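Student: Structural data only, the sequence is not supplied:
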């Protein structure tokens, strides 16, 4: 699974300057002093920093195995006609997500096939039905979200002092630096006091560390370098113990196996997590980083694929990390702009991105459906409004179990006709003591009627979505929904509403597999769609693959923007009053032209 990691933020300058140091990975052998062990605020530059990436093994398939109470049987999870998850017993038959179902059954006749839960009209909750039809049902990932929340809760309970960032539905980054430092001082109390004869006070190097055996709990990625133990190795070993304990607890209490990687930053932790799977963890020591990185095809590194990777490969006629190491920072920045310092550093194992816990409150919720059979009559839209309302009701009620006073400010409806720009309507969502499907569906139907009722031309809606926005903790004493209605059930006061062309700015959760031609971006608040040429005559699997590529490319664009913001640039055009005699009109704000590596990422 692809991870949901935030783009690295660059601060300061590269550690490497000068041709003689370009391939030395010099910062891997930092001298660790008393200041490093005693100071608490060193951040991403802490030489004792340890980060882990923990990934639930074949998560969707594992969820279904636990729900069905089966073990060690080949199983795939289906969405319509496409395979979206394959458990490890099925992988032994060579089955992958890219196989057709018929091919998978031919490889393994006893294969268990489970279709994901779906919503259908008239049901308040999703279910596993004997027959599903994409023309009338909508995919539900609610079960997987709930199970994911259980795993995340166990991380937080087992590692209360660690910083934990949910990266995706089945992955989490864990910064062990704080609990590891605490444990280091407990195990080695002599480190807490600077010797009176220390020549440089706090900046005196620590005494030699003890030998540690990380292989007890982990796979130690091999190194050809000097194997002398460092204090960072000791920190890694302590973190590995903590990680192993939590993983064992998750397996015993929830039944989910996980794989983890531990290293000095997020980038390397992600790489090492896939070193050996399933139900395993791997440790990447600093001395092993160069030999581990050098043979990797650099275009397989996140954000170095796509157009930027192609440009690097073409410019230098190279394919691996080792091939790019001789390129100087000055040359790379000359060719690809100042922001190419990120490329230069990541090739050497430097990643300055932080592990940050995300808010448990989603500011918005989106339920969306791409319609295989377009809506051609306004009355047909009510079927899908009710199906989407059921999903929103379930998700909001789930969120309210943890935060009882959560409530959305606004309900938004979107409708796309063919490949035209999405149109939307929105209205305040009145407070109620109880969230029901009827409550949401009634409000949604009113917006639907206002959105499509005035149109006299032929209707062909190919996507409809319903969203809550502005979700936050409601204040005490909110008026009940009944106070907003007259006796005839209509609003007593017309709510303020707006109509927009284009995306309404809904901060949507990724539509895991349910959206085959578009997705909503939470960063730029745009609806991103495949082109007609990419969807015409394409199978569901081909559409999903194209959409995944488009999503990854769009995320890369935002990463490039984030990097670009760290470099000072001249201000671009801004909105300002015209000074012409007939002034008063405003010039539209122009988006700055992409520069450096940013121009290699898609903005569609």
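Tutor: Happy to help now that I have it. Just so you know, these numbers come straight off a predicted model, no measurement behind them. Residues are numbered from 1 along each chain as shown.
Student: Okay, residue 182 and residue 176: tell me how far apart.
Tutor: Look at residue 182 and residue 176: by Cβ to Cβ, to the nearest Å, they are 10 Å apart. To be clear about C-beta, it is placed using only N, CA and C from the backbone, and glycine gets the same treatment.
Student: Could you do residue 319 as well?
Tutor: Residue 319 is 34 Å from residue 176, by Cβ to Cβ.
Student: What strands flank the longest strand that the chain contains, and is each parallel or antiparallel?
Tutor: Longest strand in the chain by number of residues (criterion: DSSP state E): strand 364-375. Applying DSSP bridges, strand 364-375 is found paired with strand 461-469 (antiparallel).
Student: The helix or strand following the partner strand pairs with which strands, and in what direction?
Tutor: Remark: after strand 461-469, the chain's next helix or strand is strand 472-473, criterion DSSP states H and E. Counting by DSSP bridges, the strands paired with strand 472-473 are strand 406-407 (antiparallel).
Student: Which residues does the helix or strand following the strand it pairs with contact?
Tutor: Next helix or strand after strand 406-407 toward the C-terminus (DSSP H and E): strand 410-417. Outside strand 410-417, the residues that touch it by Cβ atoms under 8 Å, 6 or more residues apart in numbering are 368, 381, 385, 422-429, 440, 443-444, 447-448, 451-452, 459-470, 503-504, 506, 518, 527, 529.
Student: any idea which helix or strand comes after the longest strand of the chain?
Tutor: Per DSSP H and E, strand 364-375 leads on to helix 381-402 as the next helix or strand towards the C-terminus.
Student: sorry, back to before: which of the contacts of strand 410-417 count as buried?
Tutor: 368, 381, 385, 422-429, 440, 443-444, 447-448, 451-452, 459, 461-469, 503-504, 506, 518, 527, 529 (16 or more other Cβ atoms under 10 Å).
Student: Helix, strand or coil: sort out the residue nearest to residue 219 when sequence neighbours are not counted for me.
Tutor: Spatial nearest neighbour of residue 219, chain neighbours left out: residue 282 (4.4 Å); criterion: Cβ to Cβ, 6 or more residues apart in numbering. Put simply, residue 282 is strand when judged by DSSP: H, G, I helix; E, B strand; the rest coil.
Student: Write down the beta-bridge partners of residue 282, one by one.
Tutor: Beta-bridge partners recorded for residue 282 (DSSP bridges): residue 219, residue 261.
Student: Let me see the ranges of the helices in the stretch 101-250 of the chain.
Tutor: Applying DSSP state H, counting those that start in this stretch to the stretch 101-250 of the chain gives helices spanning 101-107, 142-158, 177-187, 231-253.
Student: Serialize the ones you listed to CSV and add fields for mean neighbour count and distance to residue 89.
Tutor: Listed next are the helices of the stretch 101-250 of the chain as CSV, based on neighbours: other Cβ atoms under 10 Å; distance: least, Cβ to Cβ, whole Å:
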stretch, mean neighbour count, distance to residue 89
helix 101-107, 15, 12
helix 142-158, 16, 20
helix 177-187, 17, 36
helix 231-253, 20, 17
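Student: Residue 338 versus residue 332, what's the distance?
Tutor: As judged by Cβ to Cβ, residue 332 and residue 338 stand 10 Å apart.
Student: Same check on residue 245?
Tutor: Applying Cβ to Cβ, the value for residue 245 to residue 338 is 44 Å.
Student: List the contacts of stretch 75-93.
Tutor: Applying Cβ under 8 Å, 6+ apart, the contact partners of stretch 75-93 are 57-62, 64-65, 72-74, 95-101, 104, 107-108, 111-116, 132, 134, 139, 278, 513-514, 539-541, 544.
Student: Straight-line length of that stretch, end to end?
Tutor: Across stretch 75-93, the terminal residues are separated by 11 Å (Cα to Cα, to the nearest Å).
Student: cool, and stretch 32-52?
Tutor: End-to-end for stretch 32-52, by Cα to Cα: 21 Å.
Student: For that stretch, what does the pLDDT average out to?
Tutor: Averaged over stretch 32-52, pLDDT sits at 91.
Student: buried ones in it?
Tutor: Quick answer for stretch 32-52 (16+ other Cβ under 10 Å): 32-34, 36-37, 44, 46-52.
Student: So which of those sit within strands?
Tutor: Of these, the ones assigned to strands by DSSP E are 51, 52.
Student: could you dump the buried residues of stretch 32-52 to a markdown table with distance to residue 596?
Tutor: Converted to a markdown table, the buried residues of stretch 32-52 look like this (distance: Cβ to Cβ, whole Å):
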| residue | distance to residue 596 |
| --- | --- |
| 32 | 35 |
| 33 | 36 |
| 34 | 41 |
| 36 | 34 |
| 37 | 38 |
| 44 | 22 |
| 46 | 29 |
| 47 | 30 |
| 48 | 33 |
| 49 | 28 |
| 50 | 32 |
| 51 | 27 |
| 52 | 32 |
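Student: Narrow the buried residues of stretch 32-52 to those in helices?
Tutor: The helices, defined by DSSP state H, take in 34, 36, 37 from the buried residues of stretch 32-52.
Student: Now find how far off-centre stretch 294-308 is within its chain.
Tutor: Chain-centre distance of stretch 294-308: 19 Å, with Cα atoms, centre = their mean, to the nearest Å.
Student: Neighbours of the residue nearest to residue 439 when sequence neighbours are not counted, how many?
Tutor: Leaving aside its sequence neighbours, residue 439 sits nearest to residue 432 (Cβ to Cβ, 6+ apart; 5.9 Å). Number of residues near residue 432 (other Cβ atoms under 10 Å) recorded here: 16.
Student: correct me, but residue 432 touches residue 440?
Tutor: No. The criterion here is Cβ atoms under 8 Å, and residue 432 misses it with residue 440 at 9.9 Å.
Student: hey, which helix or strand in the protein has the poorest pLDDT?
Tutor: Of all helical and strand segments in the chain, the minimum by mean pLDDT, DSSP states H and E falls on strand 498-501, at a mean of 32.
Student: Quick check: what element follows it along the chain?
Tutor: With DSSP H and E, the next secondary element past strand 498-501 is strand 518-520.
Student: Direction included, what does the helix or strand that that next one is followed by pair up with?
Tutor: Next along the chain after strand 518-520, taking DSSP H and E as the criterion, comes strand 527-529. Strand pairing for strand 527-529, using DSSP bridges, gives strand 518-520 (antiparallel).
Student: I'd like the mean pLDDT over the partner strand, please.
Tutor: So the average pLDDT for strand 518-520 ends up being 73.
Student: oh, and call the first residue 837 from now on, that's how I've got it
Tutor: Taking 837 as the first residue, the last one we looked at is strand 1354-1356.
Student: now that strand, how far from the centre of its chain.
Tutor: Distance of strand 1354-1356 from the chain centroid (Cα atoms, centre = their mean) equals 14 Å.
Student: Same check on stretch 1266-1276?
Tutor: The mean C-alpha position of stretch 1266-1276 is separated from the chain mean by 30 Å, Cα atoms, centre = their mean.
Student: same question, stretch 1148-1163
Tutor: Mean-position distance between stretch 1148-1163 and its chain equals 29 Å (Cα atoms, centre = their mean).
Student: Any buried residues in that stretch, and which?
Tutor: 1148, 1149, 1154, 1156, 1157, 1158, 1159, 1160, 1161, 1163.
Student: Next: stretch 1203-1217.
Tutor: For stretch 1203-1217, by 16+ other Cβ under 10 Å, it's 1203, 1204, 1205, 1206, 1207, 1210, 1211, 1217.
Student: Can you lay out the residues you listed as CSV showing distance to residue 1179?
Tutor: Shown next, in CSV, are the buried residues of stretch 1203-1217 (distance: Cβ to Cβ, whole Å):
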residue, distance to residue 1179
1203, 39
1204, 35
1205, 39
1206, 36
1207, 42
1210, 44
1211, 46
1217, 48
